[in-house]
Structure formats: structure tokens, C-alpha cells
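*Asks:* give the three-dimensional model of this entry:
(chains A, B, C and D)
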Number of protein chains: 2
Amino acid sequence: MASLGELERSVMDLLWSAPEASTANDLRDRLALVEGQGKDLAVTTVLTVLSRLEKKGLVERERGTRPHRYRAVSTREDHTARLMHEALGTATDREAVLARFIGSVSEAEAATLRKLLASG
Amino acid sequence: MASLGELERSVMDLLWSAPEASTANDLRDRLALVEGQGKDLAVTTVLTVLSRLEKKGLVERERGTRPHRYRAVSTREDHTARLMHEALGTATDREAVLARFIGSVSEAEAATLRKLLASG
DNA sequence: CCCGACTTCTACGTTTTGTAGAAACTCGAC
DNA sequence: GTCGAGTTTCTACAAAACGTAGAAGTCGGG
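*Replies:* Residues are numbered from 1 along each chain as shown, chains lettered A, B, ... in the order given. Here you go, the predicted structure:
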């Protein structure tokens, strides 16, 4: 239940890179300015997507203010880390998976991991 | 393009736990015996699913033998590790993601990771 | 009370997945 | 060489997810 469509992901990307909660109109405008191909969408389209993302638990909104304001529930990093755990979760032999995972990580990242594991 | 449906996942699970390449009939029979709810499917259904999994690059088949034999292209562990890298790949700040990931790993697994990172 | 901005409801086209019958193919038996 | 049982491929359809947006409803300021 964690997979996102293309537009859904674009919206999440905008929410994650926004410093504050955004309105639907705001997001609509920013979607039109995306490098490459700018999507010129109706506001209702954006609102529909936001509702679906809310239902999926990725987005929450302030209902008090008149144009509702939307924000991502968790940071992009937390979300990604959770996805990784989700993938790992289905495995029978978690250690074997971790071994493969570590095996194909860059040396720089391996060093980072060593540090993180030492301090923890 | 890596996400799987429920039946597709069941088939992959069977292929991953099979010691040798399996025929469609073989898989059909084993699907009927799954704990909980056994799916009683037509063999053409299984063949369709196998074709789709082949197109997705998760399954390969021996076309020489008369009942074709199907096997998973990679182990379950390799596949899962790749999914984890795939999730990580979309991140801008990979180190931050790794920090979150490590943060929510059990102590036993942290120990395993330390060992793996030391020997590598 | 009315208008315009905003939100919700409803809807439809496309893609993905589950499901399988119909048609085509293959190989051994006769 | 042909026939049939077993296999595979083709075609099809229903349900869910997603992209997309018009129509209808709601709310606050004037």
C-alpha cells in the first residue's frame, strides 16, 4: 500500500522540498514550472491527489485555515528509511539481505555506516 | 516497474523456495496447498503470471524442455537488497536516510552489520 | 443575502493485475 | 503422415489504482 503513482510522487517531492505547508494552488503552480515537462493541471486534480495521499497517510492538512494547507507527514528521509525497512521486513533471512545490501554500498557510505553503528 | 501484485508475489515466493526450476503445473498445485487460503487456479492463469514476471525480469524459463521450466532470476535476498537500494537511490541525502535506517534496526542486526562492515 | 474562492463529489479514460477460455502448437503413438 | 493429449500463446474481461477534471456544494467577506 506504499507505492505511488507518478503525479503522486511529484506532489510528494514538492511537499518535501517546501519549507512550509502548501496550498493546492501553490502546488499547482509549482507543478507547472517543473524542469523538463511542466504539467499544467486543474486545481481539482491536485486536490484529488492530495486527498489520496492523505488517505495513504503520507500527507496531512490543516483544515482550520481557509485554503487548506498541506504538509508531508514525515520527512523524505524517514519515509525512504521506512520503505527500506518495509522491503527488508518481508525477508525470511534478514541477515543475508543485509549482507547483500552492505556488499553493494560505496566505500564512503560504508564508512558512514561504521560511524553510525559505533556511536549507536 | 518493480512492484508486484499478490498472486505475482505468491508465485515468486514459491519459485524462491523451490530447490529447482518448476513447471507451471507444479506451481499451480503448490498454490492450491498454501496455508490459509489455497488458490485453485487454472494453469493458464499461472502461465500468464509467469510471462508477466518474465517480462519484468524476475523470472527466466528454459524453453528447450517440453513443459517449460521456470526459475527466479535472482535469489530472494538479492532481490530484496536491490529493492532497498532502489528506495535509497531516489534520495538526495543518502547518508541521512542511512542514519534513519540504522536508527530503527534491532541491536542484534546492528551487531551483524558491524561485523559485515568490519570484514568488508 | 450574494459572490467568488475553495472543497467535495462524481466520473471517465488508462494501466496494472487476477483470471481464464479459445486457438495454436508440439511430440510421441499409431 | 496424422491424431490427440498436453503445452503454450492469444485474446478478453473484471477490478483496482491512478491521472484527470467538471459539477455541485460550502463558507466567509461585503
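*Asks:* can we go C-alpha only for contacts and neighbour counts from here?
*Replies:* OK.
*Asks:* in chain A, what spans have low per-residue confidence?
*Replies:* Applying pLDDT under 70 to chain A flags the ranges A:1, A:35-37, A:120.
*Asks:* give me every residue in it lying close to DNA strand D.
*Replies:* A:3-9, A:39-42, A:44-46, A:48-49, A:66 (Cα under 7 Å from any atom of the strand).
*Asks:* could you find the closest non-adjacent residue to the residue most central in space within chain A?
*Replies:* For chain A, A:R76 is the residue whose C-alpha lies nearest the centre (Cα atoms, centre = their mean; 4.5 Å). Among residues not flanking A:R76 along the chain, A:W16 sits closest, at 6.1 Å (Cα to Cα, 6 or more residues apart in numbering or on different chains).
*Asks:* A:R63 too?
*Replies:* A:R69 (7.3 Å).
*Asks:* mind listing what the residue nearest to A:R76 touches?
*Replies:* A:71-72, A:75-76 (Cα atoms under 8 Å, 6 or more residues apart in numbering or on different chains).
*Asks:* okay, the helix or strand hosting A:L113 in CSV with CA atoms only?
*Replies:* Secondary structure assignment for A:L113, by DSSP states H and E: helix A:107-119. Extracted in CSV, the C-alpha atoms of helix A:107-119 (Å, rounded to 0.1, in the frame of the first residue of the first chain):
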residue,chain,number,x,y,z
GLU,A,107,33.1,2.8,0.5
ALA,A,108,32.2,6.3,1.6
GLU,A,109,28.7,5.1,2.7
ALA,A,110,30.2,2.1,4.4
ALA,A,111,32.4,4.4,6.4
THR,A,112,29.3,6.5,7.3
LEU,A,113,27.6,3.3,8.4
ARG,A,114,30.5,2.2,10.6
LYS,A,115,30.4,5.6,12.3
LEU,A,116,26.7,5.4,12.9
LEU,A,117,26.9,1.9,14.2
ALA,A,118,29.7,2.8,16.6
SER,A,119,28.0,5.7,18.2
